[in-house]
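> pasting the structure only:
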């Protein structure tokens, strides 16, 4: 689960955002804060994975909270959730390392779409040495249209085609690697390439604990 701290000075708004978080698969609320000082303290105490951060707070702005977090060396993910539309504020959030900037008011579908991007970015960097495709996903870049295999990958390896009772099934990188004699890390690099090329599909499999497992299946 991605653990989320909700920061908004309006109790009702914070409650709505918290409900949106709990409604979204793979996310849970670990706390709420009404001020910048509370936000910084709870970030230190709870160590969340993600902060939903308003710009307008009673003591100091959410942008200052973001700046202080980065100054303190925190790498927590931050999504600005605010009514502030000023270009300077948006630039400050971007340069401060915010992952998304969502303008109030918004519908749940808009919120869920951005949370999905955040989850994909976090999951893309779960391995110690992400390839270019994973880095592109983390930065929100469009997938490459090149059909040339990335450096280090060889031709002759195709998308996963595991079957059970005549039907295709979803396989983990480790299972695919076992089938073709590759390590899990190498298999995942191939699999992510096939996903980018539209030759394979990926889904997240949530277990009882830990980060979700990525499972793959050929779509051809």
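Yep, that arrived. All of these numbers come straight from a predicted model, not from anything done at the bench. Numbering: from 1, shown residues only.

> So residue 20: helix, strand or coil?
helix (DSSP: H, G, I helix; E, B strand; the rest coil).

> doesn't residue 106 make contact with it?
No: in this structure residue 20 lies outside contact range of residue 106 using Cβ atoms under 8 Å: 9.2 Å. In short, each C-beta sits where N, CA and C put it, glycine included.

> of those two, who's got more company?
When residue 20 is set against residue 106 and neighbours are counted by other Cβ atoms under 10 Å, the residue ahead is residue 20, at 22 against 14.

> nearest residue to the more buried one other than its sequence neighbours?
Distances taken as Cβ to Cβ, 6 or more residues apart in numbering put residue 111 closest to residue 20, at 5.0 Å, once the chain neighbours are dropped.

> Just the buried residues of the helix of greatest length in the chain, please?
Counting by DSSP state H, the longest helix found in the chain is helix 108-124. Taking 16 or more other Cβ atoms under 10 Å as the basis for neighbour counts, the residues of helix 108-124 that come out buried are 111, 114-115, 118-124.

> And stretch 170-182, by the same measure?
Along stretch 170-182, these residues count as buried under the neighbour rule (16+ other Cβ under 10 Å): 170-173, 175-177, 182.

> possible to save the residues you listed as a markdown table with pLDDT, distance to residue 100 and secondary structure?
Formatted as a markdown table, the entries for the buried residues of stretch 170-182 read as follows, by pLDDT from 0 to 100; distance: Cβ to Cβ, whole Å; DSSP: H, G, I helix; E, B strand; the rest coil:
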| residue | pLDDT | distance to residue 100 | secondary structure |
| --- | --- | --- | --- |
| 170 | 87 | 28 | coil |
| 171 | 90 | 31 | strand |
| 172 | 90 | 29 | strand |
| 173 | 89 | 27 | helix |
| 175 | 89 | 33 | helix |
| 176 | 87 | 31 | helix |
| 177 | 85 | 33 | helix |
| 182 | 86 | 34 | coil |
